[in-house]
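Colleague: how would this look folded up:
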Amino acid sequence: MAHSTPSKKSLPAVIGGVVLVLVAGYFGIDLKGDSGASSSATSAPASASGTAETEGASESSCALDTLPTEAAETVDDILAGGPYEYPDNDNVRFGNYEGVLPKESRDYYREYTVDTPGLNHRGTRRIITGGGSDTDPDVWYYTDDHYESFCTIPDAEG
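Modeller: As a prediction, the model looks like this:
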């Protein structure tokens, strides 16, 4: 029985494959070929003009009482103007780099941490507000998957 040795050409191919997977993961590229199929629905709620500006997204909303209790605490902090648990990260500009939310001006969105009990870091849950003032935003969004999907919070201000 002949013993085969790996080709010297296979090492660069393996390294190239690993680099490809890492780069795709970093940029959120789906290598499986799923054309938008996902277990969590992405949503781009309508902007103030009434038009959704993100292709293929559907609008969803989530009442505040359906979200984790920590989300209501974050809403209270926002309406009060702070203080925030993460002052270096909360009430700062949210860039919407993922493009999931409607396209708006550069300083339109602000982000806030929604605590996740048991974690020793900020976790993935956030409330994003847009427009208005810091304590009276025009729009409210919630994400529990670090900006991959959002729902509007229609009753955030009561």
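Colleague: average pLDDT across the strand or helix carrying residue 74?
Modeller: Element membership for residue 74 (DSSP states H and E) is helix 69-80. Mean pLDDT, helix 69-80: 97.
Colleague: again with stretch 140-148
Modeller: Across stretch 140-148, the average pLDDT comes to 96.
Colleague: gap between the two ends of that stretch?
Modeller: 16 Å (CA to CA, to the nearest Å).
Colleague: what's near enough to touch residue 144?
Modeller: Residues near residue 144 by CB atoms under 8 Å, 6 or more residues apart in numbering: 68, 114, 124-125. For glycine as for every other residue, the C-beta is placed from the backbone atoms N, C-alpha and C.
Colleague: now swap in residue 65 and tell me
Modeller: Listed by CB under 8 Å, 6+ apart, the contact set of residue 65 reads 72, 155.
Colleague: from residue 80, how far off is it?
Modeller: 19 Å (CB to CB, to the nearest Å).
Colleague: which of the contacts of residue 144 has the largest number of neighbours?
Modeller: Each of the contacts of residue 144 was scored for neighbours by other CB atoms under 10 Å, and residue 114 scores highest at 23 neighbours.
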